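[1] Give me the fold of what follows.
(one chain, ligands or ions: 1)
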Amino acid sequence: MDNLPSIGDRNTQTIVCSFCDDIILRPQTAILTNKPTLLPQMNVEKNSSTDTETNRLSINGSDHVCDSIETFWLVSDMFTFENVGFSNTVNNQTKYLVCANCERGPIGFSPINPLTRQLEKEFYVASDRIKYK
Ligand SMILES: [Zn+2]
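    Model (predicted):
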């Protein structure tokens, strides 16, 4: 039986895209971090009956239904990734991470420094939006 990783652990397995199995991170390259964050849902359904006011985020002017995600794999250098893509800047403060191969996402996010407009050296990959191999 696999032991679930705990906060502060490094990934023991390869982290891959849950859709196309493209490798995102090699083992031992990321640290599990508790960082509760709203991330837009990967499959946006136009189903107003399930709308909730609490899990909504306005992104560049349009509303998105979000999941509240607690744990992320934290990487401090972009070049640690095997494959990753970036969305356009959102709300002048974040770029979302997407799979570089199938472009599904967001699988995570990276904050942007509001002064320099550069990416901070913090890349968060949502632990429940990826698979392990
Ligand atoms: Zn993919």
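
[2] Next up, phi/psi of Thr80, please.
    phi -70, psi -30 (degrees, to the nearest 10).

[3] Note down every partner strand of the helix or strand bottoming out on mean pLDDT in the chain and its orientation.
    Scoring the helices and strands of the chain by mean pLDDT, DSSP states H and E places strand 56-59 at the bottom, with a mean of 77. The pairing partners recorded for strand 56-59 under DSSP bridges are strand 62-75 (antiparallel).

[4] Which stretches in this structure count as strands?
    Assigned by DSSP state E, the strands in the chain fall at 15-17, 23-25, 31-40, 56-59, 62-75, 85-90, 94-98, 108-111, 123-126, 130-132.

[5] what residues does this protein put near the ion?
    17, 19-20, 22, 99, 101-102 (Cβ under 5 Å from the ion). All C-beta spots, glycine's among them, are computed from the backbone N, C-alpha and C.

[6] What subset of the residues you listed is buried?
    17, 19, 99, 101 (16 or more other Cβ atoms under 10 Å).

[7] tally of neighbours for Asp9?
    14 (other Cβ atoms under 10 Å).

[8] what sits against it?
    By Cβ atoms under 8 Å, 6 or more residues apart in numbering, the residues touching Asp9 are 31-32.

[9] The same query, at a cut-off of 10 Å, please.
    Asp9 makes contacts with 3, 30-33, 73, as judged by Cβ atoms under 10 Å, 6 or more residues apart in numbering.

[10] From the ion, how far out is the most centrally placed residue in the chain?
    Of all residues in the chain, the one closest to the mean position by Cα atoms, centre = their mean is Gly108, 0.9 Å from it. Computed as Cβ to the ion, to the nearest Å, the Gly108 to the ion distance reads 13 Å.
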